[in-house]
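Chemist: Pasted the sequence and its predicted model underneath.
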Amino acid sequence: GNSVTQMEGPVTLSEEAFLTINCTYTATGYPSLFWYVQYPGEGLQLLLKATKADDKGSNKGFEATYRKETTSFHLEKGSVQVSDSAVYFCALSVLRRALTFGSGTRLQVQP
Amino acid sequence: DAGVIQSPRHEVTEMGQEVTLRCKPISGHDYLFWYRQTMMRGLELLIYFNNNVPIDDSGMPEDRFSAKMPNASFSTLKIQPSEPRDSAVYFCASSWTSGRSNEQFFGPGTRLTVL
């Protein structure tokens, strides 16, 4: 079956620090990979995506590269802001189209 | 576009009552998904539809849960009778047949509390 494993949170950083949230996956077939973000009290928003090996998804300063050899899709940002505080979900989708989510990682950025 | 619309945003009910959650997908989208989010189990798929037809309902917890999609612009998720363990945030999402990306757009969710 399909599964996503991401690092436990919360992750607490100071403003302008470097962020990495690890994500690894197991999939039958060739998945598309996603990072979604959930701000307090809101639904999920797509942050970035990648559909094939070595693709790099990027948005709002966040980046993640689809690594087939290590089955990973780690999220990075060079300089976090207080406004980045949220829960981040790594997810994959194969032919069945439904998303399989990781457990989520809460990021707290302190001024 | 208004995005995916869900109603109600909050629902508080008593154990044993019937609960109906509603979703309007983005116009033109042909896939619709219902997910549930809890602290214990995280985000999990309940059911999804393609062109109004249920494709995979293996995530529906038990017979108390049912979902329908009578047309392309409306879906319901019903719980009857409701139980306290059904308390969760229920999300609806939609997507369209477009390449391989399978990007889904989520509604704001319905927070259900069963007392």
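Modeler: Yep, that arrived.
Chemist: Quickly list what the nearest residue to B:His10 once chain neighbours are set aside is bridged to.
Modeler: Distances taken as Cβ to Cβ, 6 or more residues apart in numbering or on different chains put B:Arg111 closest to B:His10, at 5.0 Å, once the chain neighbours are dropped. Any C-beta I mention is one placed from the backbone N, CA and C, and that applies to glycine too. Counting by DSSP bridges, B:Arg111 forms beta bridges with B:His10, B:Val89.
Chemist: Write out the residues of chain B neighbouring chain A.
Modeler: B:4, B:31, B:33, B:35, B:42-45, B:48, B:50, B:55-56, B:91, B:93, B:95, B:99-109 (Cβ under 8 Å from any Cβ of the partner chain).
Chemist: Sitting in helices, which of these do you find?
Modeler: Using DSSP state H, no member of the residues of chain B next to chain A falls in helices.
Chemist: can you list contacts of the lowest-mean-pLDDT helix or strand in chain B?
Modeler: Within chain B, no helix or strand scores below strand B:105-106, which has a mean of 92 by mean pLDDT, DSSP states H and E. Counting by Cβ atoms under 8 Å, 6 or more residues apart in numbering or on different chains, strand B:105-106 makes contact with A:36, A:43-46, B:3-4, B:26, B:29, B:91-95, all of which sit outside it.
Chemist: Could you turn the buried ones of these into a PyMOL selection?
Modeler: Paste this into PyMOL to select the buried members of those, with burial taken from 16 or more other Cβ atoms under 10 Å in any protein chain shown:
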select buried, (chain A and resi 36+43+44+46) or (chain B and resi 4+26+29+91+92+93+94+95)
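Chemist: Can you add pLDDT and give the contacts of strand B:105-106 back as a markdown table?
Modeler: Shown next, in a markdown table, are the contacts of strand B:105-106 (pLDDT from 0 to 100):
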| residue | pLDDT |
| --- | --- |
| A:Tyr36 | 97 |
| A:Gly43 | 88 |
| A:Leu44 | 93 |
| A:Gln45 | 93 |
| A:Leu46 | 93 |
| B:Gly3 | 92 |
| B:Val4 | 95 |
| B:Ile26 | 93 |
| B:His29 | 91 |
| B:Phe91 | 96 |
| B:Cys92 | 97 |
| B:Ala93 | 95 |
| B:Ser94 | 93 |
| B:Ser95 | 90 |
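Chemist: ok, back up a step: and the least confident helix or strand of chain B, how far from the chain's centre?
Modeler: Mean C-alpha position of strand B:105-106 versus that of the full chain (Cα atoms, centre = their mean, to the nearest Å) differs by 11 Å.
Chemist: Can you give the strand pairings for it, parallel or anti for each?
Modeler: Strand B:105-106 is paired, per DSSP bridges, with strand B:88-95 (antiparallel).
Chemist: what's in contact with the partner strand?
Modeler: Against strand B:88-95 from outside (Cβ under 8 Å, 6+ apart): A:43-44, A:97, A:99, B:4, B:6, B:21, B:23, B:25-26, B:29, B:31-38, B:43, B:46, B:75, B:77, B:102-107, B:109-112.
Chemist: Tell me which entries of these lie within strands.
Modeler: A:44, B:6, B:21, B:23, B:31-38, B:43, B:46, B:75, B:77, B:105-106, B:110-112 (DSSP state E).
Chemist: Up against chain B, what does chain A have?
Modeler: So far as Cβ under 8 Å from any Cβ goes, chain A lies against chain B at A:32, A:34, A:36, A:42-46, A:49, A:51-52, A:89, A:93, A:96-104.
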